[in-house]
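Peer 1: With the input below, show me the fold.
(chains A, B, C and D)
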Protein chains: 4
Amino acid sequence: MSEVFQTERIVEFHHTDAARIMHFATYFLFMEEAEHAFLRHLGMSVMGLYEGTKLSWPRVSAKCDYTDSVGFEDVVTINVRVGRLGSKSVTYSHRLFHDSRPIAEGEITVVCCLYDDRGDVPRSIVIPDTIRERLQPYVTKS
Amino acid sequence: MSEVFQTERIVEFHHTDAARIMHFATYFLFMEEAEHAFLRHLGMSVMGLYEGTKLSWPRVSAKCDYTDSVGFEDVVTINVRVGRLGSKSVTYSHRLFHDSRPIAEGEITVVCCLYDDRGDVPRSIVIPDTIRERLQPYVTKS
Amino acid sequence: MSEVFQTERIVEFHHTDAARIMHFATYFLFMEEAEHAFLRHLGMSVMGLYEGTKLSWPRVSAKCDYTDSVGFEDVVTINVRVGRLGSKSVTYSHRLFHDSRPIAEGEITVVCCLYDDRGDVPRSIVIPDTIRERLQPYVTKS
Amino acid sequence: MSEVFQTERIVEFHHTDAARIMHFATYFLFMEEAEHAFLRHLGMSVMGLYEGTKLSWPRVSAKCDYTDSVGFEDVVTINVRVGRLGSKSVTYSHRLFHDSRPIAEGEITVVCCLYDDRGDVPRSIVIPDTIRERLQPYVTKS
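Peer 2: Numbering: from 1, shown residues only, chains lettered A, B, ... in the order given. This is a model prediction of the structure:
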């Protein structure tokens, strides 16, 4: 069994729209917030340093399947696993719940990059072992 | 050849993030804005009426593949086609460009729904012919 | 001495902008989130019921003075007091801190309103006593 | 009479909230978008260069008085003037309309700053004459 990281968010008023439910794009904000909380939990940051150089994780794809809606002040639980741990990329798998009821499943794929001195130009690298080891327990098993 | 609907957006300052590029979730806002502009172009609204009853289109899935980044004040062109015109659902296909350079491709699938009197509870229906006919020219051919 | 309600938020990546600090409009989101958390703390909701009718609080003014910036993953403490408890309106006073350092002060004035059956049309009313009593301890003394 | 810069925005679905109106914080996004469009109209950018050094305009205060609401797909006209042209600061005055009906008035005060090489640390300066001259016609007369 793989481990799972879990965090919670409340649906704020500005997350809702005129359909009186959480706007579909907010799910991507929640997934990213959960990914960043996961990295902090592992003692890292999505805006980190590797041997003195800025290391970050630009997104190359994101998707979400919506199975139910949530409204203002609903509490959303977000489960994060690593769906795929590639050589240079990580695919995070997210499952979102409200009151134990699944509301959405999503994936975000990010690429490990070092940045130039100004922090503006990314260059992809093989994920350093110190990072790989921390992500490994969360890789989903088929 | 299918028709294509095209609209433009400028990358506003609040669309950017600390990586100095447009935030990945903003692409979904642009895709939705383009879809709604497309419906207006067809003489409709995503929050419309059908025989006196509120008709709208809740999202069931959304995805985006990012191929390049854009920064503050870049102009983004968004092309909208109908990737699939189902019985009750529509899959919009979006291609985003900056200076003729592709920056992202995405899809959003929505379901045709009527709402109760308060406008809060959706119930899926077969897409009315008057709507289907307007979307038909934009269906992509294989 | 008046009481104070305190809550915390972390600066998420999507809260930042290309200046690598939290975007100025996000402070208003934090102030509103703190107000709504304050109401929940008092056993209420900003989207509440009064004698079976929907009661809510449309905003009539908002302002913020910025004294320092915060960046990604900084923790922001938000203090909420009631700057003025009017007959029909409430002015919330917010002070935002990072590491005990003041970063902003703001005010949001809201009006107590009942809504029609569809929940769309507000009509201002005198703040009910049951609500007034709960806000009273947080009114700032000159 | 002072000149006025005018631009328009449509209320997008993601600008609305569960009260079925444009969220109060979105007015600040519209005001900032109008300010940046105004600067482009004057041949400048809020993220500009001055003698080879990055020049930008951090916000020190923002406020808005709301007089009426707008809903999905309403068109908002934003009028921008310069309420005060200080030595180092500019106060923009915004008036927002829908169908010639005033919906809000706001002000945003920004400070002229040069940035360090990495573009991260601002230092306030006297507004260069070439910029002052372009803003001058838009200063409101008492």
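Peer 1: Now do the same contact list for residue A:12.
Peer 2: Residues near residue A:12 by Cβ atoms under 8 Å, 6 or more residues apart in numbering or on different chains: A:72, C:29, C:32-33, C:36. Where you see a C-beta, it was placed from the backbone N, CA and C, and this is true even at glycine.
Peer 1: Mind putting those into TSV with pLDDT?
Peer 2: Formatted as TSV, those follow (pLDDT from 0 to 100):
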residue	pLDDT
A:72	98
C:29	98
C:32	98
C:33	98
C:36	98
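Peer 1: Kindly state the beta-bridge partners for the residue of chain A found nearest chain B.
Peer 2: Nearest to chain B in chain A, going by Cβ to the nearest Cβ, is residue A:63, at a distance of 3.4 Å. Using DSSP bridges, the beta-bridge partners of residue A:63 come out as residue A:107, residue B:63.
Peer 1: Counting neighbours, what do you get for it?
Peer 2: Applying other Cβ atoms under 10 Å in any protein chain shown, we find 18 residues neighbouring residue A:63.
Peer 1: I'd guessed it sits against residue B:62; true?
Peer 2: Yes. Counting by Cβ atoms under 8 Å, residue A:63 does reach residue B:62; the two are 6.7 Å apart.
Peer 1: I'd assumed residue A:133 was in contact with residue A:43.
Peer 2: No. Between residue A:43 and residue A:133 there is no contact under Cβ under 8 Å: 11.4 Å.
Peer 1: Over to the residue nearest to the spatial centre of chain A. Which of the three states is it?
Peer 2: Nearest residue to the geometric centre of chain A (Cα atoms, centre = their mean): residue A:35, 2.9 Å. Under the three-state scheme (DSSP: H, G, I helix; E, B strand; the rest coil), residue A:35 adopts helix.
Peer 1: who's in contact with it?
Peer 2: Residue A:35 neighbours (Cβ under 8 Å, 6+ apart): A:46, A:80, A:92, A:94, A:108, A:110.
Peer 1: try it again with 10 Å
Peer 2: A:5, A:7, A:46, A:57, A:59, A:78, A:80, A:90, A:92, A:94, A:108, A:110, C:13 (Cβ atoms under 10 Å, 6 or more residues apart in numbering or on different chains).
Peer 1: Just the closest of these to residue B:116, please.
Peer 2: residue A:78 (29.8 Å; Cβ to Cβ).
Peer 1: is the host helix or strand of the closest one anywhere near chain B?
Peer 2: Using DSSP states H and E, residue A:78 sits within strand A:75-85. No. Judged by Cβ under 10 Å from any Cβ of the partner chain, strand A:75-85 and chain B are separated, with a smallest distance of 14.3 Å.
Peer 1: From the contact counts, what lies against that strand?
Peer 2: strand A:5-10, helix A:26-41, strand A:89-98, strand A:101-111, helix A:129-135 (3 or more Cβ pairs under 10 Å, 6 or more residues apart in numbering or on different chains; DSSP states H and E).
Peer 1: what separates the residue of chain A closest to chain B from chain C, distance-wise?
Peer 2: Applying Cβ to the nearest Cβ, to the nearest Å, the value for residue A:63 to chain C is 18 Å.
Peer 1: per-residue confidence at that residue?
Peer 2: We have a pLDDT of 98 for residue A:63.
Peer 1: and what of residue A:120?
Peer 2: 79.
Peer 1: hang on, residue A:124 packs against residue A:113?
Peer 2: Yes. At 5.3 Å, residue A:124 counts as touching residue A:113 under the criterion of Cβ atoms under 10 Å.
Peer 1: list residues touching both of the two?
Peer 2: A:58, A:88.
Peer 1: Between the two, tell me which one has more neighbours.
Peer 2: residue A:113 (17 against 14).
Peer 1: What parts of chain A come near chain C?
Peer 2: Taking Cβ under 10 Å from any Cβ, the part of chain A that reaches chain C is made up of A:10, A:12-16, A:18, A:20, A:26, A:28-30, A:32-33, A:35-37, A:39-40, A:45-47, A:56, A:71-73, A:119-120.
Peer 1: do you know how far residue A:138 is from residue A:44?
Peer 2: For residue A:138, the distance to residue A:44 equals 13 Å [Cβ to Cβ, to the nearest Å].
Peer 1: Just the element for residue A:69, please.
Peer 2: Using DSSP H and E, no helix or strand contains residue A:69.
Peer 1: mind listing what the closest residue to it other than its chain neighbours touches?
Peer 2: Excluding the flanking residues, the one nearest residue A:69 by Cβ to Cβ, 6 or more residues apart in numbering or on different chains is residue A:21, at 4.0 Å. The contact partners of residue A:21, taken as Cβ under 10 Å, 6+ apart, are A:11, A:15, A:66, A:68-72, A:74, B:58, B:120, B:122, D:18.
Peer 1: Check residue A:84 too.
Peer 2: A:90-93, A:107, A:109, A:139-140.
Peer 1: Per-residue pLDDT of it, please?
Peer 2: Predicted confidence (pLDDT) for residue A:84: 98.
Peer 1: Can you tell me how far the closest residue in space to residue A:96 that isn't next to it in sequence is from residue A:25?
Peer 2: What sits nearest to residue A:96 in space, not counting adjacent residues and going by Cβ to Cβ, 6+ apart, is residue A:104, at 4.3 Å. Separation of residue A:104 from residue A:25 (Cβ to Cβ) stands at 12 Å.
Peer 1: Compare the two (neighbour count), which wins?
Peer 2: Neighbour count, other Cβ under 10 Å: between residue A:104 and residue A:25, residue A:104 has more, with 26 against 22.
Peer 1: wait, doesn't the more buried one sit right on residue A:77?
Peer 2: No. When contacts are counted by Cβ under 10 Å, residue A:104 is not listed as touching residue A:77 (11.2 Å).
Peer 1: Now do the shared contacts for the two.
Peer 2: Joint contacts of residue A:104 and residue A:77 (Cβ under 10 Å, 6+ apart) are A:95-98.
Peer 1: Which one (most neighbours) among the residues you listed?
Peer 2: residue A:96 (25 neighbours).
Peer 1: what's near enough to touch that residue?
Peer 2: If you count contacts by Cβ under 10 Å, 6+ apart, residue A:96 has them with A:9, A:22, A:27, A:30-31, A:34, A:64, A:66-68, A:70, A:76-79, A:102-106.
Peer 1: which residue packs closest to the residue of chain A most remote from its centre, ignoring adjacent ones?
Peer 2: Most distant residue from the mean C-alpha position of chain A: residue A:18, 26.7 Å away (Cα atoms, centre = their mean). Of all residues not flanking residue A:18 in the chain, residue D:16 sits nearest, at 3.9 Å (Cβ to Cβ, 6+ apart).
Peer 1: Mind listing the residues bridging to that neighbour?
Peer 2: residue D:22.
Peer 1: give the contact list for residue A:53.
Peer 2: Applying Cβ under 10 Å, 6+ apart, the residues contacting residue A:53 are A:114-117, A:119, A:123, A:125.
Peer 1: Let me have those residues in TSV, extended by distance to chain B and neighbour count.
Peer 2: Listed next are the contacts of residue A:53 as TSV, based on distance: Cβ to the nearest Cβ, whole Å; neighbours: other Cβ atoms under 10 Å in any protein chain shown:
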residue	distance to chain B	neighbour count
A:114	13	17
A:115	9	18
A:116	12	11
A:117	14	10
A:119	8	18
A:123	13	9
A:125	16	15
